[in-house]
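Novice: Pasting the sequence and the predicted model now:
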Amino acid sequence: MQERPLVLTHLLERAEQLAPSKQIVTAVGGKTRRRTYSEWATRCRRLAGALDALGLSDDARVASFAWNTDNHLELYFGVPCSGRVLHTLNVRLFADQITYIVEHAEDEAIFCDRSVAPVLAELLPSLRSVRHVVLMDDGAESTIDDPRVVDYEELLGSSQPVDLTVDDEGRAAFMCYTSGTTGHPKGVVYSHRSSVLHTFGVMVPDAFAVSERDVVLPVVPMFHALSWGLAHAGVASGASLVLPGSDLSPRALAGLIEEEGVTLAAGVPTVWIAVLDELIERDTSALRDIVCGGSAVPKALSEDYRQKLGLPITQAWGMTEMHPVGTVNRVASELEDLDGAELADLRAAQGRPLLGVDLRISDLESGEVVAPDGVSRGELQCRGPWVARDYYAETRSGDSFTSDGWLRTGDIATMDANGYVRIVDRTKDLVKSGGEWISSVDLENELMAHPALLEAAVVAVPDPKWQERPLACVVARADTDVSANELIEFLSERVPKWWLPDRVVFLEEIPRTATGKFSKKELRERFS
């Protein structure tokens with residue numbers, strides 16, 4: 001067999017040759033900007049030449065500080081296909097976290113959307129490793145007064161397209177940092193090989209099934225875990241891509257789904273909670289799949305989509321350390337005859353591992369692997385060709401991996417005989433009451449089944465008698481009237497009595513993390 005390296009240049013060249021007229025659509029300032037794959041590929045080659053002209057190191061870390069746009073997609077390929085490393089910065093992180101990450105990665109350049117330029121401008125004086133800042137047009141007019149600043153279009157216009165050659169599939173291609181909910185964020189470095197293999201993994205029918213016929217809308221940010229591999233899968237298959245830019249409002253997203261005939265969309269639960277009402281009166285006939293990950297999808301939300309749009313939500317699970325996708329929930333053919341309630345319960349699981357990913361459940365106390373019986377709980381551990389084996393420049397990562405090389409995810413889960421994984425909780429989010437564990441995720445799912453609730457998050461708060469007790473933080477739907485006692489009574493028929501929250505707090509909004517998840521850390525600090 002021939003020894004051809006698995007590198008990203010192959011994906012770019014394939015789209016360029018086989019889908020030259022297919023479009024990449026970007027929402028910019030209330031309008032849409034359209035480029036073909038042929039035009040995009042030429043710009044990727046110009047970008048690689050521009051990086052040479054800027055005098056960046058051959059293995060430089062090049063940061064992006066940007067939303068989901070065609071320009072960002074050019075960085076996704078132009079940077080790693082020049083041999084350098086694209087480091088995606090989360091625009092929602094706190095200033096001190098961004099500063100730490102840029103300095104830790106030693107980024108030599110930052111490509112920044114104008115809409116987030118004011119955020120970066122305040123940080124630039126402390127970013128000592130950064131030699132160049134490149135401003136990209138995303139519909140805003142902000143600028144940065146700094147001698148290091150150049151305009152993206154001027155930079156590309158002054159550069160000639162260059163050949164893209166990467167011979168070593170083990171060469172670093174991307175760098176993403178964990179969310180850093182405890183301690184400093186940690187860097188995860190993806191290779192060309194792992195990136196290509198992960199692309200293959202998410203494209204298969206039992207995963208996201210991305211094909212040339214699709215119109216793919218990644219709502220999940222391109223700065224977060226590489227947009228769950230959808231940007232790469234779109235290019236590899238020659239699918240049309242719809243990139244929402246900075247406007248992630250429910251109306252804007254619903255408009256793109258309808259107007260562009262989106263077939264596959266992906267985002268976190270908070271996105272789909274907000275978008276549903278906007279989709280109900282629109283033509284969504286092209287939509288075949290709504291993928292949701294980042295945190296557990298409440299069964300009630302998935303069923304809402306099934307009943308109102310005829311399309312239940314498809315759950316997926318993963319981590320930054322996994323590139324990030326590890327499981328996708330497709331109902332196996334042998335289980336399709338389950339009744340409606342059983343199917344709804346099955347769809348509430350996180351799914352089965354992708355081809356190439358191995359999963360196991362390890363007992364929290366003994367460390368022994370538990371039986372896949374759907375009941376036994378423990379820490380979910382994984383291994384595979386796109387799973388990290390260490391963190392970048394990190395000397396304290398030993399606790400994140402087992403002695404035999406499996407990644408410790410920190411998720412508490414069960415696995416049934418059919419291989420379906422069900423996340424019970426994060427280790428840090430479990431409630432330990434009187435020596436027994438209570439699942440915050442299970443409580444949240446049951447709360448979300450109440451028709452008056454829009455959002456629900458459960459956290460542990462200290463208790464002098466039981467050590468910890470659950471506190472429910474909820475957001476009620478507009479024009480509804482529900483009391484704490486009603487919610488407790490509703491739960492009492494669904495969970496053990498000793499699981500019932502001692503208190504229900506009504507909020508106008510549940511705080512979010514930088515990746516759009518509910519910030520349980522902030523809730524614990526607020527109510528402890």
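Specialist: Arrived safely, thanks for sending. Computed from a prediction, not measured in an experiment: that's the story for all the values here.
Novice: Helices of the stretch 1-150 of the chain, residue ranges please.
Specialist: Ranges of helices in the stretch 1-150 of the chain, per DSSP state H, counting those that start in this stretch, are 8-18, 37-53, 70-78, 95-105, 117-123.
Novice: likewise the stretch 201-350 of the chain?
Specialist: Going by DSSP H, counting those that start in this stretch, the stretch 201-350 of the chain shows helices at 230-237, 250-259, 269-279, 299-309, 340-347.
Novice: Let's have those helices in CSV, adding mean pLDDT and mean neighbour count.
Specialist: The C-beta positions use only the backbone N, C-alpha and C, and glycine is treated the same way. Putting those into CSV (pLDDT from 0 to 100; neighbours: other C-beta atoms under 10 Å) gives the following:
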stretch, mean pLDDT, mean neighbour count
helix 230-237, 98, 27
helix 250-259, 97, 19
helix 269-279, 92, 20
helix 299-309, 93, 18
helix 340-347, 94, 15
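Novice: I'd like those helices written out as TSV, with distance to Leu73 added.
Specialist: Formatted as TSV, those follow (distance: least, C-beta to C-beta, whole Å):
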stretch	distance to Leu73
helix 230-237	6
helix 250-259	16
helix 269-279	20
helix 299-309	28
helix 340-347	31
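Novice: nearest to Leu86, of those?
Specialist: Taking C-beta to C-beta, helix 230-237 is the member of the helices of the stretch 201-350 of the chain nearest to Leu86, at 11.3 Å.
Novice: And the contacts of stretch 192-201?
Specialist: With C-beta atoms under 8 Å, 6 or more residues apart in numbering as the test, stretch 192-201 has contacts from 5-8, 10-11, 80, 166, 168-171, 173-174, 190, 207, 226, 229, 232-233, 236, 323, 325, 354-357, 385-386.
Novice: what about dumping the CA coordinates of that stretch to CSV?
Specialist: Only the C-alpha atoms of stretch 192-201 are listed here, as CSV (Å, rounded to 0.1, in the frame of the first residue of the first chain):
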residue,chain,number,x,y,z
HIS,A,192,-2.9,16.8,10.5
ARG,A,193,-3.4,13.1,11.0
SER,A,194,-5.9,13.4,13.8
SER,A,195,-7.7,16.2,12.0
VAL,A,196,-8.2,14.2,8.9
LEU,A,197,-9.2,11.0,10.8
HIS,A,198,-11.7,13.0,12.9
THR,A,199,-13.2,14.4,9.7
PHE,A,200,-13.6,10.9,8.3
GLY,A,201,-15.2,9.9,11.7
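Novice: in terms of contact, does Leu51 touch Gly83 like I think?
Specialist: No - counting by C-beta atoms under 8 Å, Gly83 is not a contact partner of Leu51; they are 9.2 Å apart.
Novice: more crowded one of those two?
Specialist: Regarding Leu51 and Gly83, a neighbour count based on other C-beta atoms under 10 Å identifies Leu51 as having more, with 26 against 21.
Novice: need the contact list for that one.
Specialist: Applying C-beta under 8 Å, 6+ apart, we find Leu51 in contact with 60, 62, 78-79, 82, 84, 109.
Novice: need the residues you listed in CSV with distance to Thr513, can you?
Specialist: Listed next are the contacts of Leu51 as CSV, based on distance: C-beta to C-beta, whole Å:
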residue, distance to Thr513
Ala60, 29
Val62, 25
Gly78, 30
Val79, 26
Ser82, 32
Arg84, 29
Ala109, 27
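Novice: Out of those residues, list just those in strands.
Specialist: 62, 109 (DSSP state E).
Novice: Turn the buried ones among the contacts of Leu51 into a named PyMOL selection, would you?
Specialist: Of those, the buried ones can be selected in PyMOL as follows, counting by 16 or more other C-beta atoms under 10 Å:
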select buried, resi 60+62+78+79+82+84+109
